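S.K.: Fold the following for me, if possible:
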Amino acid sequence: MWLNPEEVLSKNALKLWVTEKSNSYFVLQRRRGHGESGGKFTGFLVGALDAVLDSNARVAPFRILLQVPGSQFFSAIACGVTVEEIHNHWEWLEQNLLHTLPVFDNKEDIASFVNGKVKGLIAEENRSKLTEQEEEPEKFREAMVKFKTRFNYPDSEKLITYYSCCCSKGRVPRQGWLYLSINHLSFYSFFLGKEVKVIIPWVDIIKLERTSSVFTTETIRVTTRSKERDFFMFLNIDEAFLIMEQLADVTIRRLLDNEAFEVDPALQDPTQITKRDIDARAQNEIFRANFRLPRNENLHEVLECLLWTPFIRCHTAGKMYASDSYICFVSKEEGRCNIIIPLREVISIEKAENTSDLPNPIIISIRSMMAFQFIGIKDWDSLVENLIKRHTSIKITRAVVPSSSESSFVVSLPFESHVCNEDAFQNLMTTDPQTQDEAKQQNRHSLNEEALMAVFHQLGPENTNSSISKEQIKERLWRDHFSEYGRTVCMFRTEKIRKLVSMGIPECLRGELWLIFSDAMTDFASNPDYYANLVEESMGKCCLATEEIERDLHRSLPEHPAFQSETGIAALRRVLTAYAYRNPKIGYCQSMNILTSVLLLYAKEEEAFWLLVAVCERMLPDYFNQRVIGAQVDQSVFEELIKERLSELTEHITDLSALASISLSWFLTLFLSIMPFESAVNIVDCFFYDGIKAIFQLGLAVLDANAVELCSSKDDGQALMILSRYYCRFNMVPYLFCF
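M.R.: Predicted coordinates for the structure are as follows:
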């Protein structure tokens, strides 16, 4: 491998190198101890020095130096891991440069000519290996050489990054180098003649965690089915752990399901993935998860700034996040203020006058007669220019009416579900011509224009003057909140709104606020006539998904009057069938009918459809696929939370898989099939505001409330009975946010 020319003081400095070949201008050297038999002490010492110091003496076992006649300095211009590789470089120098150099009159010209040629060769290598994408390409190229010679991986095994660290093997920590590549986590150490290699495929890792150890306050623990390994380092532990998480996740997703890579084009070809791609993917995932945005949304800028918050009459410090279609803000003080501004809601983005009191101000005006003032932004001009470009692009896109064949990114289907993939939906469907003609004439005009709850009211003891009075109080509190904090997607979101949600959203506002909190409102407003066209195209066609839908229609909230009538059943049929047609990779699963029934009670039919899209494709990604990957991952997280927060329970119930079999339905149905209706809908309120976090919190609260009885239970059946009795008397969510 050619190296960017770097001066060394002496060609035999510290006697670490042995000269193999030389001529008037070049010297080929071998690292002392490499290839020697007998285990000489000098070779052991050199190996230890390389491992601990990683000095500039090039740990690759062979190197070529440029020696200019009359100069005491030498420049390293090439290195190699094998005799064949270094000899190829040597032959190239002899054939292309050796006979040309004598024509130069002075040593500076010789050095300049050779350096130029070598840098040209390096540039050619960079284009083929993409190492120019790394922050320090020279050091990274050296690491690639070491990685290649130490582990003998195939050329397709691309190194992503590397770190100096220690690995605990038994009680002895070994200093060495941690290499993170596409398919493996690798560690190498060579100290006093003893070589240690650790190779862990990402697919074998069952757990990654940060823990404390005897030697350091923080350690990265890698657990496989057979053993645990601890890696600790003094620098870059946050970065290293994040990249390890991403590489493990990418590997598992590639094995289980390739759909994720339709969204991440940079990750489609493993040999082309770089550390920059991994970092960008991690940032995008965190950003989308925090603000629950579409999975194809890419983050562009993250900037410190201050936002004027009129409800406390001061500027609030925080960070602005600007992406393809959104401007978001989160305060430094948790819970104080968050906002989400879709660019489609923006009227103008402009710079205001720069003063000492208001440095670098930006004013963003939106359709609902509100304006947001941001100040103290670095790269002021660049940010405004980029935001205006993206805003203009959004306005152009809005002028194009989307067709019903368009859909956002979709995932695959959960357990007890039947998939109609795109080909299957076309090939397996059967069409009744008469039914299809009738559908074309009637479906567009038969959509429900109001929520079912406005027509059908639940009969029961809860419909009393007391409950009506509570609804009126809640409605008044919300309207007061709207007047101060805003009522659209762009409202100021504070701790106050969280408390209002936990009290229960009033029925008359529930559908509207679900649309706002999930940002389904943006999809709904951006796609006029999408749902009506989809209904027209899908009704009257049959496949396995539609057969399952027909079987489950009358099992969806059968006690509610809305679904004892054809009006409710027909609306449910249309929404589920349209979604299965829109997203054949998911199609339909049995938990979707219960959720959609509740959505239809509080939202108009078309709004309910977009809420379903938001839940399946954004708020619960990977839940609705054949392997239920998302739900299984959350179950593992839930088990860890139980161990951390409910230690008394885990002491008595060592096998948490029994609880997992019960809690899985909590996550898949959002407690709708378990809790009394009023409480269950309140839980859905919290879910739309806080996402899956609300289900984790409630699950822990339920187990904590029944911990004493669960500790005394003898089997799964008894535990299920204990929880069932608790569900029946559960009517409020007073401690939903206590975990």
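S.K.: Can you name the helix or strand that Glu537 falls in?
M.R.: Of the helices and strands defined by DSSP states H and E, Glu537 is found in helix 530-538.
S.K.: distance of Leu670 from Cys305?
M.R.: Distance check for Leu670 against Cys305: by Cβ to Cβ, to the nearest Å, it reads 36 Å. (C-beta placed from N, C-alpha, C; glycine too.)
S.K.: okay, these two: which has more neighbours?
M.R.: Taking other Cβ atoms under 10 Å, Leu670 and Cys305 do not tie; Leu670 has more neighbours (27 against 21).
S.K.: My read is that the more buried one contacts Phe688, right?
M.R.: No - between Leu670 and Phe688 no contact is recorded; they are 9.7 Å apart, counting by Cβ atoms under 8 Å.
S.K.: got the buried residues for stretch 158-170?
M.R.: Within stretch 158-170, the residues that qualify as buried are Lys158, Leu159, Ile160, Thr161, Tyr162, Tyr163, Cys165, Cys166, Cys167, Ser168, counting by 16 or more other Cβ atoms under 10 Å.
S.K.: Pull the contacting residues for the first one.
M.R.: To tie it back to what came earlier, the one meant is Lys158. Contacts were defined as Cβ atoms under 8 Å, 6 or more residues apart in numbering; by that measure Lys158 touches Ser181, Ile182, Pro270, Thr271, Gln272, Ile273.
S.K.: The same query, at a cut-off of 6 Å, please.
M.R.: Taking Cβ atoms under 6 Å, 6 or more residues apart in numbering, we find Lys158 in contact with Ile182, Thr271.
S.K.: In the stretch 201-350 of the chain, where is pLDDT below threshold?
M.R.: Within the stretch 201-350 of the chain, the stretches falling below the threshold (pLDDT under 70) are 213-217, 234, 256-268.
S.K.: any idea how far Lys319 is from Leu358?
M.R.: Summarising the geometry, the distance separating Lys319 from Leu358, computed by Cβ to Cβ, is 19 Å.
S.K.: Which neighbouring elements make contact with the helix holding Glu537?
M.R.: Helices and strands touching helix 530-538, by 3 or more Cβ pairs under 6 Å, 6 or more residues apart in numbering; DSSP states H and E, are helix 566-582.
S.K.: In the helix it packs on, which residues are buried?
M.R.: Of the residues in helix 566-582, those with enough neighbours to count as buried (16+ other Cβ under 10 Å) are 567-582.
S.K.: likewise stretch 98-117?
M.R.: Buried residues in stretch 98-117, defined by neighbour count with 16+ other Cβ under 10 Å: Leu101, Ile110, Ala111, Val114, Lys117.
S.K.: ok now it, how far from the chain's centre?
M.R.: Once both centres are worked out by Cα atoms, centre = their mean, to the nearest Å, stretch 98-117 turns out to sit 52 Å from its chain's centre.
S.K.: distance between the ends of it?
M.R.: One end of stretch 98-117 sits 12 Å from the other (Cα to Cα, to the nearest Å).
S.K.: Check stretch 282-300 too.
M.R.: Separation of the first and last residues of stretch 282-300 by Cα to Cα is 13 Å.
S.K.: which strands and helices sit next to the longest helix anywhere in the chain?
M.R.: Secondary structure of the chain read by DSSP state H shows that its longest helix is helix 107-129. Using 3+ Cβ pairs under 6 Å, 6+ apart as the contact criterion, the neighbours of helix 107-129 among helices and strands are strand 2-8.
S.K.: just the angle between the strand it packs on and helix 107-129, please?
M.R.: Here the directions of strand 2-8 and helix 107-129 differ by 140 degrees (axes from the mean of the first three to the mean of the last three Cα atoms, to 10 degrees).
S.K.: ok so, going back, ok, then the element right after the longest helix of the chain?
M.R.: On the C-terminal side of helix 107-129, the closest following helix or strand by DSSP H and E is helix 137-151.
S.K.: Check which element follows that next one along the chain.
M.R.: On the C-terminal side of helix 137-151, the nearest following helix or strand under DSSP H and E is strand 159-169.
S.K.: who does that following strand pair up with?
M.R.: Strand pairing for strand 159-169, determined by DSSP bridges: strand 172-181 (antiparallel), strand 228-232 (antiparallel).
S.K.: closest one to Trp380 among these?
M.R.: Counting by Cβ to Cβ, Trp380 lies closest to strand 172-181 out of the strands paired with strand 159-169; the figure is 37.0 Å.
S.K.: who's in contact with the helix or strand that that closest one is followed by?
M.R.: Under the assignment DSSP H and E, the closest C-terminal helix or strand after strand 172-181 is strand 184-191. Among residues not part of strand 184-191, those counted as contacts by Cβ under 6 Å, 6+ apart are 47-48, 51, 150-151, 167, 174, 176-179, 196-201.
S.K.: Compute the inter-axis angle for the helix or strand where Leu66 lies and helix 107-129.
M.R.: Assigned by DSSP H and E, Leu66 belongs to strand 62-67. Comparing the axes of strand 62-67 and helix 107-129 via the same axes, to 10 degrees yields an angle of 150 degrees.
S.K.: Each with direction, which strands does strand 62-67 pair with?
M.R.: By DSSP bridges, strand 62-67 pairs with strand 26-31 (antiparallel), strand 74-80 (antiparallel).
S.K.: Buried deepest among the ones you listed, which one?
M.R.: Taking mean count of other Cβ atoms under 10 Å as the contact definition, the stretch among the strands paired with strand 62-67 with the greatest mean neighbour count is strand 74-80, which reaches a mean of 23.
S.K.: Just give the number of residues close to Ile182.
M.R.: Each residue near Ile182 was counted by other Cβ under 10 Å, and the total is 19.
S.K.: State the distance from Ile473 to Leu3.
M.R.: 75 Å.
S.K.: Could you do Glu648 as well?
M.R.: From Glu648 across to Leu3, the span is 61 Å (Cβ to Cβ).
S.K.: got it, and Glu209?
M.R.: With Cβ to Cβ as the criterion, Glu209 and Leu3 are 39 Å apart.
S.K.: ok, back up a step: closest to Glu7 out of the strands paired with strand 62-67?
M.R.: strand 74-80 (5.4 Å).
S.K.: Now the next helix-or-strand element following that closest one: buried residues?
M.R.: On the C-terminal side of strand 74-80, the nearest following helix or strand under DSSP H and E is helix 83-96. Counting neighbours by 16+ other Cβ under 10 Å, one finds that the buried residues in helix 83-96 are Glu85, Ile86, His89, Trp90, Leu93.
S.K.: pLDDT value on the last one, please?
M.R.: Read that as Leu93. Listed pLDDT for Leu93 reads 89.
S.K.: What residues does it make contact with?
M.R.: By Cβ under 6 Å, 6+ apart, the contact set of Leu93 is Phe26.
S.K.: ok, now the second one?
M.R.: Listed by Cβ under 6 Å, 6+ apart, the contact set of Ile86 reads Phe62, Gly80.
S.K.: so how far is Ser24 from it?
M.R.: In terms of Cβ to Cβ, Ile86 sits 19 Å off from Ser24.
S.K.: and if you look at the last one?
M.R.: Summarising the geometry, the distance separating Leu93 from Ser24, computed by Cβ to Cβ, is 12 Å.
S.K.: Helices of the stretch 451-600 of the chain, residue ranges please.
M.R.: Listed in chain order, the helices of the stretch 451-600 of the chain (DSSP state H, counting those that start in this stretch) span residues 465-485, 495-503, 507-518, 520-526, 530-538, 544-552, 566-582, 590-602.
S.K.: Same check on the stretch 601-739 of the chain?
M.R.: Taking DSSP H, counting those that start in this stretch as the criterion, the stretch 601-739 of the chain carries its helices at 605-614, 629-645, 647-652, 657-669, 677-690, 693-705, 707-712, 716-728.
S.K.: between those, which one is nearest to Ser483?
M.R.: Across these, the minimum distance to Ser483, taken as Cβ to Cβ, is reached by helix 677-690, at 19.5 Å.
S.K.: What is the closest one packed up against?
M.R.: Contacts defined by 3+ Cβ pairs under 6 Å, 6+ apart place helix 677-690 against helix 495-503, helix 507-518.
S.K.: Flag every buried residue along stretch 303-310.
M.R.: Cys305, Leu306, Leu307, Trp308, Thr309.
S.K.: where's stretch 162-180 relative to the chain centroid, distance-wise?
M.R.: For stretch 162-180 - counting by Cα atoms, centre = their mean - the centre lies 28 Å from the chain centre.
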